[in-house]
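Asker: When you get a sec, could you give me coordinates for this:
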Amino acid sequence: MRCKVPSLVDLCVQTAVDNVRYLGDVGETDTHLLERILPHCSLEQLTHVENSTEGRDLSQVTDRLWKRFYQIEFGDKSINQVVERMKKVKVTFKWKQLYEAKTEEMEETQQRSFERIKELYQNENASMCFTSVSLFFNLYSQTAKPTSSSLHKGSGLGSNFGNTKSPLMKKAKIEFVNSREVKNLAAMKNKSVQRNHR
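Answerer: Here you go, the predicted model:
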């Protein structure tokens, strides 16, 4: 059985398909050829072809392709909802427009979610900071006032840690007191006490 020899048109179509990533303005290309070539485009390639083509609306060929991209990206449920809404209001939109609108909606939703997470994170950090400051002043109020002799021995906020019975609390207090902020506040307190004893 002899193989069918491809026609010149078939060869041209196959060449275009093999090099679809290089397609640009297809304004002069016959519709029946575009129907065979453009389905091989990716979303980005199809967008490029439509943006590059001047003086011609390709939606007659590309509308069903955009519907396919919409279905792949957002699912059957979403596409069915869109179809029902258009029937209900008796309005028809191009699927490229619907795809772009849905993408923008998803991006805005994602951005709002990001801002919400960021806000919760900031509030949590603020709460932790407030708790740390409160803990510092509570610890400081429970610490015995340093005497003139103990000032030279470095006593202060950490001098009463030996009296802490809970190992967990002791560790937490030690880590807290060793932080830079607490050391700075303790140094300021010691300087104030020294001035009062002069």
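
Asker: hang on, isn't Leu38 packed against Leu65?
Answerer: Yes - in this structure, Leu38 is within contact of Leu65 by Cβ atoms under 8 Å, at 6.3 Å. Bear in mind the C-beta positions are built from the backbone N, C-alpha and C, glycine included.

Asker: Give the residues shared as contacts by those two.
Answerer: Leu46 (Cβ atoms under 8 Å, 6 or more residues apart in numbering).

Asker: All the strands of the protein, residue numbers only.
Answerer: Using DSSP state E, the chain contains no strands.

Asker: Okay, domains of it per the record?
Answerer: Here the domain parsing of the chain from automatic domain parsing is 1-56, 67-142, 144-198.

Asker: Need the mean per-residue confidence for the first one.
Answerer: Across domain 1-56, the average pLDDT comes to 92.

Asker: can you check the last one too?
Answerer: Averaging the model's pLDDT scores along domain 144-198 yields 56.

Asker: Do a quick rundown of the helices in this protein.
Answerer: 8-18, 31-37, 43-52, 59-89, 95-142, 148-151, 167-177, 180-196 (DSSP state H).

Asker: Show the end-to-end separation of stretch 50-63, please.
Answerer: 11 Å (Cα to Cα, to the nearest Å).

Asker: now stretch 18-36
Answerer: This stretch, stretch 18-36, spans 12 Å end to end (Cα to Cα).

Asker: Touching that stretch from outside, list them.
Answerer: Contacts for stretch 18-36 (Cβ under 8 Å, 6+ apart): 9, 12-13, 16-17, 37-38, 40-41, 45, 48-49, 52-56, 58, 60-61.

Asker: try 7 Å this time
Answerer: 13, 37, 40-41, 45, 49, 52-56, 60-61 (Cβ atoms under 7 Å, 6 or more residues apart in numbering).

Asker: And the residues you listed, which is closest to Gln110?
Answerer: Gln45 (25.0 Å; Cβ to Cβ).

Asker: Which residues belonging to stretch 96-112 are considered buried?
Answerer: 96, 98-99, 102 (16 or more other Cβ atoms under 10 Å).

Asker: burial measure for Val26, as a count.
Answerer: The number of residues packed near Val26 is 19, by other Cβ atoms under 10 Å.

Asker: any idea how far Asp30 lies from Leu65?
Answerer: 17 Å (Cβ to Cβ, to the nearest Å).

Asker: So between the two, which is more surrounded?
Answerer: Between Asp30 and Leu65, counted using other Cβ under 10 Å, Leu65 has the larger neighbour count: 21 against 10.

Asker: List the contacts of the more buried one.
Answerer: 38-39, 46.

Asker: how close does it get to Leu8?
Answerer: Counting by Cβ to Cβ, the gap from Leu65 to Leu8 is 26 Å.
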